[in-house]
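**Student:** Fold the following.
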Amino acid sequence: MKDLVQDAASLLSKTSLSGGVDRRDFLKVALGTGFAVAALPVVAQNVIKTDTVGLTAGTLHLNVNGQTVPVYRAQPEGKTNLPVIVVVSEIFGVHEHIADVARRFAKLGYLALAPELFVRQGDPSKAASIADLQRDIIAKTPDAQVMGDIDATFAWAKANGGNPDKMGITGFCWGGRIAWMYAAHNPQLKAAVAWYGRLVGEANAMTPTYPIDIAPQLKVPVLGLYGLKDPGISQDSIARMKEALNRAGNKSQFVVYPNSGHAFHADYRPSYVEADAKDAFARAIAWFREHGVM
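**Tutor:** This is a model prediction of the structure:
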């Protein structure tokens, strides 16, 4: 674990702004270009910028039942038989932060894919506010649609240099809940990592179940990364989830950071907690490797 922490810390230090990003990239970050409007203003001095040296990176397009779904892809250039990570975004969609997370995984040897899961409902990057985004896009995005798009993303990976025996998923906030849900949906996964995703909630037509509901059937090991100061995710809900998983004999684990709240990994937001973000990313990599996603 110590070596993995050092590896991840080394990666982040080499790709941070202090590590030599040129002035044009810094200005792009400072102006918020590439980030969702509802997520602005960007805290430019904290933003990690991972380059594409040695990578094949960019957007590909999948046809899913007649719908074109953009997917940001990053992978080591010229390599095949790669472990696969699907990166599920926050409510802001696949903006620059999520693309950068995909590049961080690619630098470590993964085929990383981040599908735009809101494409049928609208463009989350253009929503004027979080309230507008929640009402007009997120609330209208059904879980069944999301599961199908992620299925298609993994199918593309299998046919294009990804190792079908080394598949994992990770997600942030909205995507953290999806990581839990997809781990139950696809038992072929080796492992999942969920960052501060909701565990309980009120069922509706779009989100008929929550992680607490699927815990008894969950076979895939999930690492849950949460902040003690998160006002939207109670420690009681985490305790209930742990109890349900224990009853099911599932080996999932939680790490709760006492000095962090929600979105502590989001380096472009004021919620970012550098020490906890780096530690959690190292733990995520260790979790995937421990469970065969490498």
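
**Student:** Check what pLDDT the nearest residue to Q217 once chain neighbours are set aside gets.
**Tutor:** In space, and not counting its chain neighbours, Q217 is closest to A184: 5.9 Å by CB to CB, 6 or more residues apart in numbering. (Glycine included, C-beta is placed from N, CA and C.) What the model reports as pLDDT for A184 is 97.

**Student:** neighbours around A184, how many?
**Tutor:** The local packing of A184 (other CB atoms under 10 Å) involves 21 other residues.

**Student:** can you pull the contacts of it?
**Tutor:** Going by CB atoms under 8 Å, 6 or more residues apart in numbering, A184 touches 214, 217-218, 220.

**Student:** so can I have JSON lines of those showing distance to V53?
**Tutor:** As requested, the contacts of A184 are exported to JSON lines (distance: CB to CB, whole Å):
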{"residue": "I214", "distance to V53": "40"}
{"residue": "Q217", "distance to V53": "43"}
{"residue": "L218", "distance to V53": "38"}
{"residue": "V220", "distance to V53": "33"}
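
**Student:** looking at the residues you listed, which has the most residues close by?
**Tutor:** Within the contacts of A184, neighbour counts (other CB under 10 Å) peak at V220, which reaches 23 neighbours.

**Student:** how close does L55 sit to K107?
**Tutor:** Here L55 is placed at a distance of 7 Å from K107 (CB to CB, to the nearest Å).

**Student:** Where does the residue nearest to Q217 sit: helix, strand or coil?
**Tutor:** Classification of A184 by DSSP: H, G, I helix; E, B strand; the rest coil places it in helix.

**Student:** now do P231
**Tutor:** At P231 the chain is in coil, as set by three-state DSSP.

**Student:** Could you report the pLDDT at it?
**Tutor:** pLDDT, P231: 97.
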